[in-house]
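> Structure, please.
(2 chains)
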Number of protein chains: 2
Amino acid sequence: MSWEDNVRRMDPYIPGEQPCFDDMIKLNTNENPYPPAPGVQRLLNGLDADKLKLYPQPDARVLVEALAKEHKVSCENVFVGVGSDDVLGTAFLTFFTSDKPVLFADITYSFYPVWASLYRIPFETPALDKDFRLKKEDYYRPNGGIVIANPNAPTSIAEPASFIEDIVKHNPDSVVIVDEAYVDFGGETCIPLTEKYDNLLVVQTYSKSRSMAGMRIGYAIGNAKLISYMFDVRNSYNSYTMNYPSIVCGAEALKDRAYFESTRDRIVATREMLKEDLRALGFDVPDSSANFLFAEHERVPAKEIFTRLREKHIFVRYFNKPRIDNRLRITVGTDKEVERLVETLKEILR
Amino acid sequence: MSWEDNVRRMDPYIPGEQPCFDDMIKLNTNENPYPPAPGVQRLLNGLDADKLKLYPQPDARVLVEALAKEHKVSCENVFVGVGSDDVLGTAFLTFFTSDKPVLFADITYSFYPVWASLYRIPFETPALDKDFRLKKEDYYRPNGGIVIANPNAPTSIAEPASFIEDIVKHNPDSVVIVDEAYVDFGGETCIPLTEKYDNLLVVQTYSKSRSMAGMRIGYAIGNAKLISYMFDVRNSYNSYTMNYPSIVCGAEALKDRAYFESTRDRIVATREMLKEDLRALGFDVPDSSANFLFAEHERVPAKEIFTRLREKHIFVRYFNKPRIDNRLRITVGTDKEVERLVETLKEILR
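Residues are numbered from 1 along each chain as shown, chains lettered A, B, ... in the order given. Here you go, the predicted model:
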């Protein structure tokens, strides 16, 4: 007998590496290549350190109000957390206590099975079809909850809101979580459906389209009852998860819609260009609704391309997993970054 | 059947209120009345928002290195989290999986039973003696873990490290967590004991002596095995919990030892003055090793004093709980704040 017998032993999620080279091109963790809205820089530089001596607002009110306004819902419909990982983890802990399995796709965000293991939640992973599309009938059976990334990662493929609605409608006794981390780049949000379905939770993040991965802000939108259950769990864990800078900078970022749209549009334009370039080089690339592409070369193994790019300090993401181990997930950077990527790929594939 | 049948329903911890009046004197949540070290203000004002587009260091390396240096341990001995609540919650989840009860005092930080409920951990609460002292023999029996706040809250009473060591020594098969949130104000830290006992975890925070409650930084120090189990659980929940500002400001704050000592010494001096003033007004006040006092008046009920102070915008903490429902927990503010408190108490008690 030892204290180690009572340890919850976990194989943690392994995030994409955060290398640190001056000349690197970092296209491996779906970050935004552009800085946050200029107002965030101004606000940061004017922050009064004296405010830090007090605890932050426990309800992160300033941020919640800004998000409610942005998404045309009430404050009671908004939950905030330390990145969408914190929000999703809290939702798993709050809603998934059934003995029946929680369902999510075999190819999707690989944190879902980790949260399920952490909280000892049974789960099953229905397979996407050969084109990486969800089959909604897979979700029409008894379950303890459903999680759908839409657009999905790492596939980049989105389904319309009506597709998700069918699944939500078929599952009134389960909470359905729609993870919309990438929705701003081409997906259709399910937020309007949260008014109609009390079992639907939509999760979004500042880490992609808002260029604020370093500030760790995520949020969920759902009916007031869902949200209040999540806050009860959150407040049974940590009374103040959002620190003062994240509350005020998160609210500030939402004020500048023009900047948001212009950076998003640049990323979408670069993505479409990169997609054509990759196809011309012999890659199979599905149409993307996200800020990344999911590419398989007709001839050269993904792992080899990944390794050779890495030697040149170009970082993309490679998953050594069944069905997708010959694909690369490539984040859309600036035009200049993806041009260097394409030039380097030409050399590698020559 | 409804999705609500599978909700984890919680009665959350209720933190002290965060009122917002220009003229208020806030002595209810044990915050520091002085601003963080001046270097934190300078650093905040020079922060480059462009850094926020990338994810922060997943291992918060800059902060971990600074804490390791501060406490003369290795990086592998340091765990960091979003306030000590996050650190303690992670420790409960990681180490307390036994069927035997976790033990903590009946009068102590009231978040402990909430974490236990959240994770469905059985617990028992041995009673402090009539002078609010721990009885170490209470912890010499089979258990699934032990948690001790030292100095204890809301009592303000500390035990020497040798007292804690006895408990640790008697429990080699349990993880013993020592919550040292208030240690800098007069307690004796158990950090040196972590070299000797692999089952001892010491938790500290930036929210009190470092004046950074609003930044949400807590940490734990323990042997490398303990810490690595905690990181495995943490990284199974959220890959990046510490945001960029908290990592860099947390490291910066440690550089200015002179400022840290001078503000701490002012608080200790004010505390001793306030203690004498309160005793002169007819309060029973144990000697405090923390940045607060735990006072009971000989004649006027605590709840009445609490309410009347509140009317004057002076906020102290009142716990409506067995054994302590006639006491007030009063945070030590600036000299000016506690002078106004004492003047107001004189009026109320007249």
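> For the closest residue to residue A:12 other than its chain neighbours, grab the count of nearby residues.
Residue nearest to residue A:12 in three dimensions, not counting chain neighbours: residue B:235, with 3.4 Å by C-beta to C-beta, 6 or more residues apart in numbering or on different chains. Bear in mind the C-beta positions are built from the backbone N, C-alpha and C, glycine included. Residues lying near residue B:235 (other C-beta atoms under 10 Å in any protein chain shown) number 20.
> quick one, helices of the stretch 151-300 of chain A?
Under the criterion DSSP state H, counting those that start in this stretch, the stretch 151-300 of chain A contains helices at A:161-170, A:224-234, A:244-253, A:257-280.
> Leaving out chain neighbours, which residue sits closest to whatever residue of the stretch 51-200 of chain A ends up closest to chain B?
Across the stretch 51-200 of chain A, the shortest distance to chain B (C-beta to the nearest C-beta) belongs to residue A:52, at 3.9 Å. Of all residues not flanking residue A:52 in the chain, residue B:214 sits nearest, at 3.9 Å (C-beta to C-beta, 6+ apart).
> I figured that neighbour hits residue A:247, correct?
No: if you go by C-beta atoms under 8 Å, residue B:214 and residue A:247 don't touch, sitting 9.1 Å apart.
> shared neighbours of these two, which are they?
residue A:56 (C-beta atoms under 8 Å, 6 or more residues apart in numbering or on different chains).
> returning to what we had before: go through the helices of the stretch 151-300 of chain A and pick out the most buried.
helix A:244-253 (a mean of 25; mean count of other C-beta atoms under 10 Å in any protein chain shown).
> So which elements touch that helix?
helix A:38-45, helix A:61-71, helix B:244-253 (3 or more C-beta pairs under 8 Å, 6 or more residues apart in numbering or on different chains; DSSP states H and E).
> Compare those and give me the one nearest residue A:329.
helix B:244-253 (23.9 Å; C-beta to C-beta).
> show me the contacts for residue A:8.
With contact set as C-beta under 8 Å, 6+ apart, residue A:8 has these partners: A:118, B:93-95, B:97, B:229, B:233.
> try 7 Å this time
B:93-94, B:97, B:233 (C-beta atoms under 7 Å, 6 or more residues apart in numbering or on different chains).
> three-state assignment of the residue of the stretch 51-200 of chain A closest to chain B?
Following DSSP: H, G, I helix; E, B strand; the rest coil, residue A:52 is assigned to helix.
> Hmm, it is touching residue B:215, no?
Yes: here residue A:52 reaches residue B:215: they are 5.2 Å apart, a contact under C-beta atoms under 7 Å.
> okay, and the common contacts of the two?
Common neighbours of residue A:52 and residue B:215, using C-beta under 7 Å, 6+ apart, are residue A:244.
> So which bits of the stretch 51-200 of chain A are right by chain B?
Within the stretch 51-200 of chain A, the positions near chain B by C-beta under 7 Å from any C-beta of the partner chain are A:51-58, A:82-83, A:85-86, A:89, A:93-98, A:114, A:117-118, A:144, A:173-175, A:199.
> Now, the residues you listed that are in helices?
Assignment to helices by DSSP state H places the following of those there: A:83, A:85-86, A:89, A:93-95, A:114, A:117-118.
> returning to what we had before: next, count neighbours for the residue nearest to residue A:52.
By the criterion of other C-beta under 10 Å, residue B:214 has 25 neighbours.
> does it really touch residue A:54, like I thought?
Yes: the pair residue B:214 / residue A:54 is scored as a contact, 5.7 Å apart, by C-beta under 7 Å.
> for whichever residue of the stretch 1-150 of chain A sits closest to chain B, what are its contacts?
Nearest residue of the stretch 1-150 of chain A to chain B: residue A:12, at 3.4 Å (C-beta to the nearest C-beta). By C-beta under 7 Å, 6+ apart, the contact set of residue A:12 is A:114, B:232, B:235-236.
> Just flag the most distant two among those residues.
Greatest spatial distance in the contacts of residue A:12: A:114 and B:232, 10.5 Å, computed using C-beta to C-beta.
> from memory residue A:238 sits against residue B:89, does it?
Yes: using C-beta under 7 Å, residue A:238 is in contact with residue B:89, at 6.2 Å.
> now do the same end-to-end measure for stretch A:12-28.
Taking C-alpha to C-alpha, to the nearest Å as the measure, stretch A:12-28 stretches 19 Å from start to finish.
> Now do the residue in the stretch 151-300 of chain A positioned nearest to chain B, the pLDDT please.
Relative to chain B, the nearest point of the stretch 151-300 of chain A is residue A:235 (3.3 Å; C-beta to the nearest C-beta). On pLDDT, residue A:235 comes in at 95.
> quick one on the thing from earlier: give me the distance between the residue of the stretch 1-150 of chain A closest to chain B and residue B:94.
For residue A:12, the distance to residue B:94 (C-beta to C-beta, to the nearest Å) stands at 12 Å.
> Could you do residue A:220 as well?
Distance from residue A:220 to residue B:94, counting by C-beta to C-beta: 25 Å.
> same deal with residue A:161?
Taken as C-beta to C-beta, the span from residue A:161 to residue B:94 is 39 Å.
> one step back: between residue A:238 and residue B:89, which one's more packed in?
residue A:238 (28 against 22).
> check contacts around that one.
B:82-83, B:85-86, B:89 are the contacts of residue A:238 under C-beta under 7 Å, 6+ apart.
> one more time with 10 Å
By C-beta atoms under 10 Å, 6 or more residues apart in numbering or on different chains, the contact set of residue A:238 is A:58, A:81-82, A:86, B:13, B:15, B:81-90, B:111, B:115, B:216, B:218.
> element containing residue A:130?
When elements are assigned from DSSP states H and E, residue A:130 belongs to no helix and no strand.
> joint contacts of residue A:114 and residue B:232?
With C-beta under 10 Å, 6+ apart, residue A:114 and residue B:232 have common neighbours A:10-12.
> starting at the chain centroid, how far to the helix or strand residue A:79 falls within?
Using DSSP H and E, residue A:79 sits in strand A:78-81. Computed by C-alpha atoms, centre = their mean, to the nearest Å, the chain-centroid distance of strand A:78-81 equals 15 Å.
> where are the low-confidence patches of the stretch 201-350 of chain A?
Judged against pLDDT under 70, the stretch 201-350 of chain A has no low-scoring part.
> and the nearest residue to residue A:184 once chain neighbours are set aside, how far is that from residue A:185?
Leaving aside its chain neighbours, residue A:184 sits nearest to residue A:209 (3.7 Å; criterion: C-beta to C-beta, 6+ apart). Residue A:209 sits 7 Å away from residue A:185, going by C-beta to C-beta.
> okay, and the common contacts of these two?
Common contact partners of residue A:209 and residue A:185 (C-beta under 10 Å, 6+ apart): A:264, A:267, A:290-291.
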